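> sequence and predicted structure are below.
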Amino acid sequence: MTLTSNWFNRLLLPGFAFKAVVIGGGYATGRELTAFFLPSGPWGGLYGMALSTVIWSTVCAITFLFAIQTGSRDYRSFFSQLLGPCWPAFELAYLLAIVVILAVFAAAAGAIGEALFQWRTVIGSLILVSSITLFAGWGNDAVDRLFKYVSVFLYLTYAAFLVLSLTTFGDRIVTPFATEIPTTGWLTGGLSYAGYNVVGAVTILPIVRHLQGRKDALIAGLLAGPLAMLPAVLFFIAMAAFYPQIQSQTLPSDFLLEQLHLPFFRYVFQAMIFAALLESGTGCVHAINERIAQAYAIRRGSVLSRRTRLAITITILIGSVFVADRVGLVSLIANGYQLLAYLFLGLYVLPLMTVGLWRVLRGSAPRPAQAIAPLPDA
């Protein structure tokens, strides 16, 4: 059985890859969940998460359909088809997003190192940077394997976390869900959270090389939303036990782990968060590498070398670590993500749900001048 015909790679791997990109520093640590969903209360938060899931699945499905129809396997090719000559506008927004998102990841890794080992925050950030460099610089196959194995580790850890939370402070979880708490703001929270995260559907376009047709694209896209949100729902339910005070915690995950009084599981969970940061950061950097590799292949007719991939990766990550060390996790999420949500809704979601959907339904071929030749796997 070839790699392309494997049902896992065709139907589930895109969802795992999308989850890998969106889980990020805030989702994995719980910081994003407290910022976007808990202000609406436990039930309102779940409503907002359901809305985000529907948006993710819809956008992913149409993105994958449009990508295989136009032969796009990197975001530059995709937006040259979707936006025509205006595609550089997305490139600028995406590069801004990458700096902010990777800075969030680096800040989260630094916070984990500080909480567990009392390291300076920059040490944890640099360990994450080195790990991302190792995987992102090695090419498609290494990234695919990372998404698979980390996903299994992540789902098992979140499931164990929920079970332990229910057995340790389950009575506290029930109380806020049974209490009359206003759910106002869940619509805004769900839209905002989905808005800046949905760009992950374009980030993982190298994975569409596994899809064999429109049916694969549709199924993989619809599954991507639930696969990405399931760990967040499990985490959110446990977080509700300490609503509303948990909203002020920089690392809600570590706060909850302390309540479990299980030092070993605390290290396991933080190792899982680090792995989630690793796959998220690798996915973001890999998207840029693939975009550059595509342009390099068209202009020079050869494959981008691993040495060049490493140089690109290191340059991006060092800049992001500098931002993380200067700004910090909470400020990055509070101030940077809202702007990104508006940018991506305007430059990506709106054109996709109008022009992109129209072209998908018509089944129109890619513009001849923009047709993209397939790349060999790096």
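Yes, it's here.

> name the residues of stretch 350-357 that are buried.
Pro351, Leu352, Gly356 (16 or more other CB atoms under 10 Å). C-betas here are computed from N, CA, C, even on glycine.

> just the element for the first one, please.
Yep, that's Pro351 we're talking about. helix 350-351 (DSSP states H and E).

> now the element after that helix, going C-ward?
Criterion used, DSSP H and E; the element after helix 350-351 is helix 357-362.

> got a list of contacts for the helix holding Pro351?
Leu82, Leu83 (CB atoms under 8 Å, 6 or more residues apart in numbering).

> ditto for stretch 232-239
With CB under 8 Å, 6+ apart as the criterion, stretch 232-239 contacts 23, 27, 30, 33-34, 37-38, 42, 45-46, 49, 158-159, 161-162, 165-166, 173, 246, 252-253, 256.

> give me the subset of these lying in helices.
23, 27, 33-34, 42, 45-46, 49, 158-159, 161-162, 165-166, 173, 252-253, 256 (DSSP state H).

> quick one, which of these are buried?
Going by neighbour count (16+ other CB under 10 Å), these have 23, 27, 33-34, 42, 45-46, 49, 158, 161-162, 165, 173, 252-253, 256 buried.

> tell me which two of the residues you listed sit farthest apart.
Ile23 and Ile173 (22.0 Å; CB to CB).

> what helix or strand does Arg266 sit in?
Using DSSP H and E, Arg266 sits within helix 263-300.

> any idea how far Ala238 is from Cys29?
That one is not Cys; residue 29 is Thr. 13 Å (CB to CB, to the nearest Å).

> who has more neighbours out of the two?
Set Thr29 next to Ala238 and count neighbours by other CB atoms under 10 Å: Thr29 wins out with 32 against 27.

> quick one, what contacts that one?
Ala108, Ala111, Ile112, Leu251, Pro252, Ser253, Asp254, Ile273, Leu329.

> what is the least confident helix or strand in this protein?
Ranked by mean pLDDT, DSSP states H and E, the weakest helix or strand in the chain is helix 329-344, scoring a mean of 65.

> residues touching the residue nearest to Glu91 when sequence neighbours are not counted, list them.
Excluding its sequence neighbours, the residue lying closest to Glu91 (CB to CB, 6 or more residues apart in numbering) is Arg76, at 6.8 Å. Listed by CB under 8 Å, 6+ apart, the contact set of Arg76 reads Trp87, Glu91, Arg291, Gln294, Ala295.

> work out for me the element Arg76 sits within.
Going by DSSP H and E, Arg76 is part of helix 75-82.

> quick one: average pLDDT of the helix or strand that that helix is followed by?
Following helix 75-82 in sequence order, the next helix or strand is helix 87-117 (DSSP H and E). Helix 87-117 shows a mean pLDDT of 81.
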